[in-house]
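1. below are the sequence and a predicted model; questions follow.
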Amino acid sequence: MIQLAFYGFSALTLLGAIAVLVTRNVLYAAFFLLLTLLGVAGLFVLASADFLAVAQIMIYVGGVLVLVIFGVMLTHKAEPTAAVNSQTANRVPSLNRTGATLAGFAIATSLFVALYTLLARANFPLLNEPVGWQSTIQTIGKQLMTEYVVPFEIAGVLLLAALVGATYLAARNQTTN
C-alpha cells in the first residue's frame, strides 16, 4: 500500500512538473506547480519527514504559490490582437533548432544513465532496516534549541537585518519620488 502511495505521489509530482514546463499559460503553470508541490509534500510524509511536509505546504503552497498567483492575476495583460491582414505567425529565428534539441536530449539521457548506474551500484544500509513512523518535530526542536542554536540565531538576525534593510530602501525610494 505504501508503494502504491509512493508511485501515486511520484506520478503526481512528475506529471505536474512536466505540465509546468510545457504549458504556455502562466496561470495554468502556477496551478500545475501547486500539484507538484503537493506531490512533494506527500513524498515527505511517506519518508517520515512530517515537519518538512507541513513546512512545504505552509511555506511554498500557502505563501509563495499564492503570491505568484496573485502577482500573475494582478499583472496579467491581455495579449494584443494581431492585425487583421497578418497571416504569418510570430516566430523566433533559430539556426539549428533540431541540433540543439538532440544535443540537450543526449546530455539529459547520459546524465540519467550515469545517475541510475550510480544509484543501482550504491549500498544503502538504511534500506534494510524496518520502516517505522516517528515524528521529527521533537527531534528538530531539540536540535535547534541545543546543538544548532547559534546558527539558528545568526540566521534569525540576518533575516531581521535583511528585512530592515529592505524596508529602509523601499521607504527611501518612495520619499525621493
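-> Perfect, thanks for sending it. Numbering: from 1, shown residues only.
2. could you measure residue 20 against residue 36, distance?
-> 6 Å (CB to CB, to the nearest Å). From N, CA and C alone the C-beta is placed, and that goes for glycine too.
3. okay, those two: which has more neighbours?
-> Remark: of residue 20 and residue 36, residue 36 carries more neighbours, 22 against 17, as counted by other CB atoms under 10 Å.
4. leaving out sequence neighbours, find the closest residue to the more buried one.
-> Distances taken as CB to CB, 6 or more residues apart in numbering place residue 16 nearest to residue 36, at 3.6 Å, with adjacent residues excluded.
5. what sits against that neighbour?
-> Contact analysis of residue 16 by CB atoms under 8 Å, 6 or more residues apart in numbering lists 32-36, 39.
6. kindly list the main-chain dihedrals of it?
-> Main-chain torsions, residue 16, degrees, to the nearest 10: phi -60, psi -40.
7. can you give me the pLDDT of it?
-> Residue 16 carries a pLDDT value of 94.
8. okay, which residue is most central for the protein?
-> The residue lying closest to the centre of the chain (CA atoms, centre = their mean) is residue 37, at 6.4 Å.
9. quick one: what helix or strand has that one in it?
-> Residue 37 is located in helix 26-46, with elements delineated by DSSP states H and E.
10. how about that helix: buried residues?
-> Of all the residues in helix 26-46, those buried under the rule 16 or more other CB atoms under 10 Å are 29-46.
11. give me the angle between the least confident helix or strand in the chain by mean pLDDT and helix 26-46.
-> Sorting the helices and strands of the chain by mean pLDDT, DSSP states H and E puts helix 66-75 at the bottom, at a mean of 80. Angle of helix 66-75 versus helix 26-46, following axes from the mean of the first three to the mean of the last three CA atoms, to 10 degrees, is 170 degrees.
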